[in-house]
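Engineer: I would like the atomic coordinates for the input below:
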Amino acid sequence: MELKSIMEKFANCGWDLIAVPASQWLDGKADKNELIQAIKQADIECGSCGCEFDPLYKMALKLLDKDN
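Structural biologist: So this is what the prediction gives:
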């Protein structure tokens, strides 16, 4: 799954922690560091609950790291 698809899922999830920075990223207005911190926090809070987002947090972080 590509980063844009993951960000679209995050943007539409209804959880402001990741929805807001993901929406900003999709609009080209994101602070990359804030986005990474939001995804890391989401992974801490929800990254092992068994939902469909669990692997997406890690994948998004990996893809954002490649994007440097």
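
Engineer: Where does pLDDT dip in this structure?
Structural biologist: Residue ranges of the chain with pLDDT under 70: 1, 67-68.

Engineer: In it, which residue is most central in space?
Structural biologist: By CA atoms, centre = their mean, the chain has its centre lying nearest to I39, at 4.6 Å.

Engineer: residues touching that residue, list them.
Structural biologist: F10, I18, P21, Y57, A60, L61, L64 (CB atoms under 8 Å, 6 or more residues apart in numbering). (Glycine included, C-beta is placed from N, CA and C.)

Engineer: Could you rerun that using 10 Å?
Structural biologist: By CB atoms under 10 Å, 6 or more residues apart in numbering, the contact list for I39 reads 6-7, 10, 17-18, 21-22, 47, 53, 56-61, 64.

Engineer: and which of these is nearest to G28?
Structural biologist: The shortest approach to G28 among the contacts of I39 belongs to M7, at 11.3 Å (CB to CB).

Engineer: Next, work out how far apart L61 and I44 are.
Structural biologist: Distance of L61 to I44, given as CB to CB, to the nearest Å: 12 Å.
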